[in-house]
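Novice: Need coordinates for the following:
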Amino acid sequence: MSAPASAPTPARHQRTAPLHPGAWWLWALALGTAATRTTNPLLLALLVTVSAYVVITRRPHAPWSRSYGAFVKLALAVLLVRLLFTTLLGSPIPGTHTLVTLPEVPLPDWAQGVRLGGRVTAEGLTFALYDAMKLATLLICVGAANALANPSRLLKSLPGALYEMGVAVVVALTFAPNLIADVQRLRAARRLRGRHDKGVRGLLQVGLPVLEGALERSVALAAAMDARGYGRTARVPAPVRRTTAALTLGGLLGICAGTYGLLTAAGGTYGIPVLLAGVAAAFGGLWLGGRRTVRTRYRPDRWDAHAWLVTASGVAVAALLFLAAARDPAALHPGVVPLTAPTLPLWPAAAVLLGLLPAFVAPAPDPAPKTAVKEPS
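Specialist: Model (predicted):
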């Protein structure tokens, strides 16, 4: 009698190495830098669309990746607050299209130049909207980096000299996503129990468990850091310490002087050499300062070709928008006096679309874990 044929085993899912978290941050910060070069609402909306599409296609299934919606809401709040301030306090932009005239509050003589109420013009509101959209786009780009880059892996990739500062930054960055996840979990639990979860009353009843969870995470983090020897340093000779301090301080001063030279017309000749020398000295100081750290890295993230492509796409968007702002400033900064509809410049818009490259070249996230469904007994 022949042995029964064994059931075919399913093929194992080959996991691809995730993208280096530093590449996501460089890509997002480059898009944010590009947003600072324009007030054209069509280009800013295109930048937001590009970042949102990359987040939707490459966001991993993790609690910290759900913070993108909170940054979008924060950006909308920035828009509303800026428009409200412009409506109440007025705008320095002269306008002829009056939308509404509010009752004006008389102010003393020492408050000249400031008014409360008065005419609200379409030109002033449009200028405020364009200016606020620039900051809102920058916030959304930072939110995209928070949703795409794993904060713990980002901490692991930092140089040894920045480890202590990196821990503080990572804890601060993960506070908001964990807080949002706790609020969503507690509101879902209250809805399942048939309790009210909206309004001031629901917020007050959810607030205490959220604060308790934040305190428990803080205590657990402190215990984990103490168990792993956080803050312990190796003995470094005094000449090495002095050289590290001199290189770091000199590098920072060189970066400041070089940046000032690039921003001024007279310092264009020495700006780039001084900036490069400052960056080299600062990196040398960070490398020497890393000798004080005795920690090791388990399976460090590698900067592969995908990370180079993602970073290059963001840098290309920023560089091309810098070039467009220098060659055609009117297209990137539409005027509001007289009030005209903004137009979409073609080649800067095509440059912004280069930011979509990570949606196609970055490794796809792992599929969401499936919850087991119990069969009825």
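
Novice: what about the spatially most central residue of the chain, helix or strand, and which?
Specialist: Centroid-nearest residue in the chain: Val142, 1.3 Å away (criterion: CA atoms, centre = their mean). Per DSSP states H and E: Val142 is located in helix 122-148.

Novice: That helix: what's the following helix or strand?
Specialist: Later in the chain than helix 122-148, the nearest helix or strand by DSSP H and E is helix 151-157.

Novice: I figured Arg217 hits Asn178, correct?
Specialist: Yes - under the criterion of CB atoms under 8 Å, Arg217 makes contact with Asn178 at 6.6 Å. Where C-beta positions appear, they are placed from N, C-alpha and C, glycine not excepted.

Novice: Next, the contact list for Leu339, please.
Specialist: Leu339 sits next to Gly95, His97, Ala122, Glu123, Thr126 when contact means CB atoms under 8 Å, 6 or more residues apart in numbering.

Novice: Recalculate using a threshold of 6 Å.
Specialist: Ala122, Glu123 (CB atoms under 6 Å, 6 or more residues apart in numbering).

Novice: The one 3 residues further on now?
Specialist: Pro342 makes contacts with Asn40, Pro41, Leu42, Pro334, as judged by CB under 6 Å, 6+ apart.

Novice: Among those, which are located in helices?
Specialist: Pro41, Leu42 (DSSP state H).

Novice: so which of the contacts of Pro342 comes closest to Asp109?
Specialist: Comparing the contacts of Pro342 against Asp109 with CB to CB places Pro334 closest, at 37.2 Å.

Novice: okay, Arg232: pLDDT?
Specialist: pLDDT for Arg232: 62.

Novice: Actually, Ala5.
Specialist: Per-residue confidence (pLDDT) for Ala5: 48.

Novice: Start at 8, not 1
Specialist: All set: I'll call the first residue 8, so the last point we hit is now Ala12.

Novice: Tell me how many other residues crowd the residue lying closest to Phe290 once chain neighbours are set aside.
Specialist: Closest residue to Phe290 apart from its sequence neighbours, by CB to CB, 6 or more residues apart in numbering: Gly258 at 7.4 Å. Other residues near Gly258 come to 20 when the count uses other CB atoms under 10 Å.

Novice: Now Gly258: which helix or strand?
Specialist: For Gly258, the host element (DSSP H and E) is helix 245-270.

Novice: what are the ranges of the helices in the chain?
Specialist: Taking DSSP H, the helices of the chain run over residues 28-42, 48-65, 75-96, 129-155, 158-164, 170-199, 206-234, 245-270, 275-296, 312-334, 336-339, 353-360, 365-368.
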